[in-house]
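>>> what shape does this take:
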Amino acid sequence: MTRYACMLRGINVSGQRKIAMKELVGVCQSLACTDVESYLQSGNIVLSSEMEAAELETILERAICSEFGYPDVDVLVRTAPELLAAINAVPPAWKGADTASLYFTFLKAASHAKVEGDNFLPDAYAIGEKVVYVHCPGGYGKTKLNNSYFERVLKLRATTRNWNTTTKLVELARG
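You can find the predicted model right below:
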């Protein structure tokens, strides 16, 4: 049995694509997932499953679309060690930064693409393995380095979480 953090893309954001977390927990339980708990209202679920991560992503995506009537829902699944590795790999220059300015854009798959352009100052980014690190001193709401930007240039589906949510998901996924 593996403990996973499951991050849904684009759920309960700005009043769009609403899903009650209690109902989402029920869907996960119906798929033989155990110890299911939600975190916040933005599509974060932590659960235990005997499925491999890729299989769990696919099955959850299909079940959520079927249950809630959405044409597509992306689910990105990570273990606590994977999330912790992402946190520990934050670029060294940002280690002393205010954590409120640090974001993780989790990618559906690994990317080796190059992002062109450097006119994002004071914001910065670094591409890691299945994650893009984003530093936004002026706030995520004002950056050009948002989820949509990286999906467009990397041609991958993604979902972004702030530092606090990511560290909390690690804690919950550790059990």
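
>>> tell me who's in contact with residue 153.
Residue 153 makes contacts with 113, 115-116, as judged by CB atoms under 8 Å, 6 or more residues apart in numbering. Quick note: C-beta positions are derived from backbone N, CA and C, even for glycine.

>>> of those - the most surrounded one?
Counting neighbours by other CB atoms under 10 Å, residue 115 leads the contacts of residue 153 with 16 neighbours.

>>> relative to residue 122, how far out is it?
17 Å (CB to CB, to the nearest Å).

>>> on that earlier part again, among the contacts of residue 153, which one lies nearest to residue 107?
The nearest member of the contacts of residue 153 to residue 107, counting by CB to CB, is residue 113 at 10.1 Å.

>>> can you spell out the domain ranges of the chain, please?
2-80, 81-174 (automatic domain parsing).

>>> pull out the buried residues from the longest helix along the chain.
Longest helix in the chain, counting residues (DSSP state H): helix 53-68. Neighbour-count burial for helix 53-68, counted by 16 or more other CB atoms under 10 Å, picks out 53, 56-57, 59-61, 63-64, 68.

>>> now the domains of the chain in TSV, with mean pLDDT?
Shown next, in TSV, are the domains of the chain (pLDDT from 0 to 100):
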stretch	mean pLDDT
domain 2-80	90
domain 81-174	92
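
>>> just the helices in this protein please.
21-30, 53-68, 80-88, 147-154, 163-174.
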